[in-house]
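Chemist: Prediction below, plus the sequence it came from.
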2 protein chains.
Amino acid sequence: MPEPDLASRLGSTRYSAAQMRVVTAALDLFVQQGVSATSLQMIADAIGVTKAAVYHQFKTKEAIVVAAVELELGRLESALDAAESAQPGPGALEALLSQVVDLAVGRRRMVNTLLYDPVIVRLLAEHRPFMEFMDHLFSVLLRGREDAEARTRVAMVASAIGGAVTHPLVADLDDATLKAELLDLSLRFLDLGDGEP
Amino acid sequence: MPEPDLASRLGSTRYSAAQMRVVTAALDLFVQQGVSATSLQMIADAIGVTKAAVYHQFKTKEAIVVAAVELELGRLESALDAAESAQPGPGALEALLSQVVDLAVGRRRMVNTLLYDPVIVRLLAEHRPFMEFMDHLFSVLLRGREDAEARTRVAMVASAIGGAVTHPLVADLDDATLKAELLDLSLRFLDLGDGEP
DNA sequence: GTCTATATGAAGATAGAC
DNA sequence: GTCTATCTTCATATAGAC
């Protein structure tokens, strides 16, 4: 089976209106029940057409998954660009985290699916630009450190932001509040006990 | 389709040797590729029998998933019991976190699947004892606070521990080191700026 | 406890008309 | 761009022999 690739520059692919209808409906279902459990029939039903009509827009189910992931990843890349171009100096870390937190909170419904759905995980694991983006993000957060504590700390913030946005404990917080708390706590956590006593 | 229930007291169900072969092989496959993407044929192949033999041990695929989740959740419940019975006082939080971290690190291969696989998520969302365990865990970590910051903080530690153990940045750390770092950082994060300035 | 064989349905996917 | 109709493959699941 030929695997449709993600575009190397994210968010560059253009989709027709009919394709967008498919992708948005599909993403919605992926979020609700996972990629594997979502059939083309369900996607077709959701937009009120037949399977064949869906297949006219995308050759395979995999292509729909790719399009959905690509669309969301495009936002991440834009966020990264915004942060990097605005501040090349010390405020860069704050700017970067702020963008990531904004995005995660703004799209909290999606985050779990995009980060953890088995199908998407495999897709992204083979996707160079995504891996490189992640490496870049982590290296900024590591600030040159490589020891076990620093790496654990970064792994924890990354997971904390991605995981907390869908946590039941904060489900009732509005976006602005959650963003503020997440950003503040993330920054404090990263500076926790820094610079050797 | 009739849904097999998780036992209300976790880890109580007993399984035959043949059943254990099925469950452990299945869990392995669930971890590698997700629950939905794992067929009974794959499970049967993994243990070298036919599908019919597997069906003789468990009536449905769902029952296999339940058994696997139950087995792993039993460990969590034991860990909770150990922590609670040892320390009814102030050290309780440390003891509890320590148990959770131990378990998460010790079974890091499984953690993502158990926490995030869409099929298992739905299963656990309807599982009273699990929800009650989680509520209890969170209420201990909240220590009476209910404000946005406290809740965000707890949501973050919970996600941080669960997510960090499978993070590529710490993949090469041995269990002992990762446990120590995670526990230390979690405790410090929870105390971060406590007690109003 | 395991097998062979089979029922039944739904999945992904395509052909060709409108 | 959407339809009806159809193909193929594989999924869950069962019956009954050894």
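Modeler: Noted; the coordinates are in hand.

Chemist: Close to DNA strand D: what parts of chain A are there?
Modeler: Proximity of chain A to DNA strand D, by Cβ under 7 Å from any atom of the strand, involves residues A:16-19, A:44, A:48-53, A:56-57. (Glycine included, C-beta is placed from N, CA and C.)

Chemist: try it again with 10 Å
Modeler: Counting by Cβ under 10 Å from any atom of the strand, the residues of chain A close to DNA strand D are A:15-22, A:44, A:47-57.

Chemist: out of those, which touch DNA strand C?
Modeler: Among these, DNA strand C is touched by A:44, A:50-56 when using Cβ under 10 Å from any atom of the strand.

Chemist: Derive a PyMOL selection command for the buried subset of those residues.
Modeler: Listed next is the PyMOL selection for buried residues among these, using 16 or more other Cβ atoms under 10 Å in any protein chain shown:
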select buried, chain A and resi 44+54+55
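
Chemist: out of the ones next to DNA strand C among the residues of chain A next to DNA strand D, which are inside helices?
Modeler: A:44, A:51-56 (DSSP state H).

Chemist: so where's chain A uncertain?
Modeler: A:1-4, A:8-11, A:195-197 (pLDDT under 70).

Chemist: Tell me where it has helices.
Modeler: A:17-33, A:40-47, A:51-57, A:61-86, A:92-106, A:108-116, A:118-125, A:128-142, A:148-164, A:175-191.

Chemist: Show me what from chain A comes close to DNA strand C.
Modeler: Taking Cβ under 10 Å from any atom of the strand as the contact definition, chain A meets DNA strand C at A:1-2, A:4, A:35-45, A:50-56, A:58-65.

Chemist: Please list which of those residues are also close to chain B.
Modeler: A:36-37 (Cβ under 8 Å from any Cβ of the partner chain).

Chemist: Name only those of the residues of chain A next to DNA strand C that count as buried.
Modeler: A:4, A:35-38, A:40, A:43-44, A:54-55, A:58, A:61-65.

Chemist: Quick check: A:T50 touching A:L40?
Modeler: No - at 9.8 Å, A:T50 does not count as touching A:L40 under the criterion of Cβ atoms under 8 Å.

Chemist: Could you measure from A:V100 over to A:S36?
Modeler: 27 Å (Cβ to Cβ, to the nearest Å).

Chemist: ok, back up a step: and the buried ones among the residues of chain A next to DNA strand C, which two are furthest apart?
Modeler: A:P4 and A:A37 (20.6 Å; Cβ to Cβ).

Chemist: hmm, back to that, any idea which of the helices of chain A is most buried?
Modeler: helix A:148-164 (a mean of 24; mean count of other Cβ atoms under 10 Å in any protein chain shown).

Chemist: and the nearest residue to A:V154 once chain neighbours are set aside, what does it touch?
Modeler: Distances taken as Cβ to Cβ, 6 or more residues apart in numbering or on different chains place A:L141 nearest to A:V154, at 4.6 Å, with adjacent residues excluded. Neighbour list for A:L141: A:93, A:96-97, A:154, A:157-158, A:190 [criterion: Cβ atoms under 8 Å, 6 or more residues apart in numbering or on different chains].

Chemist: 7 Å - rerun?
Modeler: Neighbour list for A:L141: A:154, A:157, A:190 [criterion: Cβ atoms under 7 Å, 6 or more residues apart in numbering or on different chains].

Chemist: what's the answer for A:A104, then?
Modeler: Contacts of A:A104 by Cβ under 7 Å, 6+ apart are A:111, A:161-162, A:165.

Chemist: outside of stretch A:110-128, which residues touch it?
Modeler: A:6, A:30-31, A:34-36, A:65-66, A:69, A:72, A:104, A:130, A:162, A:165-166, B:33-34, B:37, B:112, B:116-118.
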